[in-house]
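Participant: predicted model and sequence follow; I will ask about them next.
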Amino acid sequence: ASAQQSLRALAAQFAEALGGEPAAQARFDAYYDQVTNSPDVRQAVENLFRTELDQAKAHPALARAFQFLRANPDLAMRFLDNPVRVRPLPEPLQDNYNEFVDNPEWRNSLHDALGDVLDKPAAYQTILPWWKQLEALSPSPGEKVPTLNTELYRHPQAFWLWQLRNINLSRNKETRPWIRYWNRLINRDPVLAQQYGPFITQLLKEPEQLRQHLADLQARQADEAKPWPPKMKPPMLPPLDLASPLERMKRSIARPSIDKPKRPGRPEMNRPVRQTRPPRPVFPEFPSLDREGAPVQNTRPVFPTFPTMPKKSDEDRTTP
């Protein structure tokens, strides 16, 4: 699942869901412990998965119906024997009803494969409880959101790698909790979550590169390093908000604060002081004189009065 980003994100969300519910995690572990330690149970379970995947190649949406049938084995056996016997029809079976009706031969094979699992006494102790728990963890069919279980059916190779990975973890129960703890830490870091999966995938594709990488790690290991895994249990991680998308959950994780230098301000420039203009010259006004001879401001000039000549009387006039 690490080779595809969509599956890595859903696997990380699935791990957080189990990490937040100890009872669900215990049923998940008991399921794979039973599959690992009981060859007959493993064969029956894997045969059921192969029968489901045979039809899911053409109809990946059937994965939701398969999960519901596994969680409700009594109803499943009646439905696979004859779909008409189940009424009212549960919602997870409504959208894919025609696929079951139109393929009676495949439906009978699915009926026999599920019956083979139910014939194992251990199935009622470990297998069925986890299948019922998985149905409870999944969203309702009306939400139409992708889940790890439904998405794995779209990629059969990734499905079998997922099964093998959990079986290998079950074979070493001391390292299993610490590997899960390490993976959850990686998935909570945005940079590591994006780069760690492709990095491991590249190492697995190149054996020589993997050998050199392991040699480098061993050379850098301190002599006084403690044995791994530790004897104690890994510390508890605070729960994440699974109602939010995974990318939003990653952004909500507290990250170390970095003291960024302050941005330098613009240098202040001393602008020269502009000189004041000299006052405009005022032209002098023409002076005027009053009766006493003193200059009068803002008056018109007074012209001098000329003396009048005396008039002659009529007696002094001579006749022509």
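Facilitator: Received, thanks.
Participant: export stretch 46-58 as PDB, just CAs?
Facilitator: Output of stretch 46-58 as PDB, limited to C-alpha atoms (Å, rounded to 0.1, in the frame of the first residue of the first chain):
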ATOM      1  CA  GLU A  46      -8.000 -16.400   1.700                       C
ATOM      2  CA  ASN A  47     -10.200 -18.500  -0.600                       C
ATOM      3  CA  LEU A  48     -13.200 -16.400   0.400                       C
ATOM      4  CA  PHE A  49     -11.200 -13.200  -0.500                       C
ATOM      5  CA  ARG A  50     -10.200 -14.700  -3.900                       C
ATOM      6  CA  THR A  51     -13.800 -15.500  -4.700                       C
ATOM      7  CA  GLU A  52     -14.800 -11.900  -3.800                       C
ATOM      8  CA  LEU A  53     -11.900 -10.400  -5.800                       C
ATOM      9  CA  ASP A  54     -12.800 -12.500  -8.900                       C
ATOM     10  CA  GLN A  55     -16.000 -10.400  -9.400                       C
ATOM     11  CA  ALA A  56     -14.700  -7.200  -7.800                       C
ATOM     12  CA  LYS A  57     -12.200  -6.800 -10.700                       C
ATOM     13  CA  ALA A  58     -15.100  -5.700 -12.900                       C
END
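Participant: buried ones in that stretch?
Facilitator: N47, L48, F49, T51, E52, L53, Q55, A56 (16 or more other Cβ atoms under 10 Å). For the C-beta atoms, the positions are set from N, CA and C on the backbone; glycine is no exception.
Participant: tabulate those (CSV), appending pLDDT.
Facilitator: Below are the buried residues of stretch 46-58 laid out as CSV (pLDDT from 0 to 100):
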residue, pLDDT
N47, 98
L48, 98
F49, 97
T51, 97
E52, 96
L53, 94
Q55, 91
A56, 89
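Participant: need those in CSV (columns: distance to E99 and secondary structure).
Facilitator: Listed next are these as CSV, based on distance: Cβ to Cβ, whole Å; DSSP: H, G, I helix; E, B strand; the rest coil:
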residue, distance to E99, secondary structure
N47, 20, helix
L48, 17, helix
F49, 17, helix
T51, 13, helix
E52, 12, helix
L53, 14, helix
Q55, 7, helix
A56, 10, helix
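Participant: of all those residues, which comes closest to S170?
Facilitator: The nearest member of those to S170, counting by Cβ to Cβ, is F49 at 16.8 Å.
Participant: what's the spacing between that closest one and A193?
Facilitator: Note on F49: its distance to A193, by Cβ to Cβ, to the nearest Å, is 28 Å.
Participant: and if you look at L48?
Facilitator: Distance, L48 to A193, by Cβ to Cβ: 33 Å.
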